[in-house]
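> below is the sequence, then the predicted model.
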Amino acid sequence: MRWLTVALFALLLLLQQPLWFGKGGWLKVWEYDRQLQQHQAITRQLELRNAGLDAEVRDLKTGYEAIEERARFELGMIKQGEAFIPVQDKPAATPPP
């Protein structure tokens, strides 16, 4: 009777081997699920970036405020009749000698 139990247990292990380690086994499924979650996180980040770029493109196409802002900050342009006054940042405080 003991040999029958051992034989049935061994048969059970042999039958479960493909379930755990086979081509479509649980270990592969868990790995694919982990990869899927990583790709979904990357996709969410890229979708947020694309939404921001899309909003910026719409602003540049429809309104002059975005174009004016870029011209001021990136190119240093000013409107006619305006005066440009450069403001320097305060230098870091140095201890007295």
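Yep, that arrived.
> sticking with K61, tell me its helix or strand.
helix 26-62 (DSSP states H and E).
> for that helix, packing partners?
Contacts defined by 3 or more C-beta pairs under 8 Å, 6 or more residues apart in numbering; DSSP states H and E place helix 26-62 against helix 2-21, helix 64-75. C-beta here means a position set from N, CA and C on the backbone, and glycine is covered the same way.
> okay, these, which one's buried deepest?
Among those, helix 64-75 has the highest mean neighbour count (mean count of other C-beta atoms under 10 Å), at a mean of 12.
> tell me the pLDDT of the residue most central in space within the chain.
Nearest to the mean C-alpha position of the chain, by C-alpha atoms, centre = their mean, lies Q45 at 3.4 Å. On the pLDDT scale, Q45 is placed at 97.
> could you do the one 4 residues further on as well?
Note for R49: predicted pLDDT of 97.
> ok, back up a step: quick one: the helices and strands packed on helix 26-62 as a markdown table, columns for mean pLDDT and distance to A83 too.
Listed next are the helices and strands packed on helix 26-62 as a markdown table, based on pLDDT from 0 to 100; distance: least, C-beta to C-beta, whole Å:
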| stretch | mean pLDDT | distance to A83 |
| --- | --- | --- |
| helix 2-21 | 81 | 76 |
| helix 64-75 | 81 | 13 |
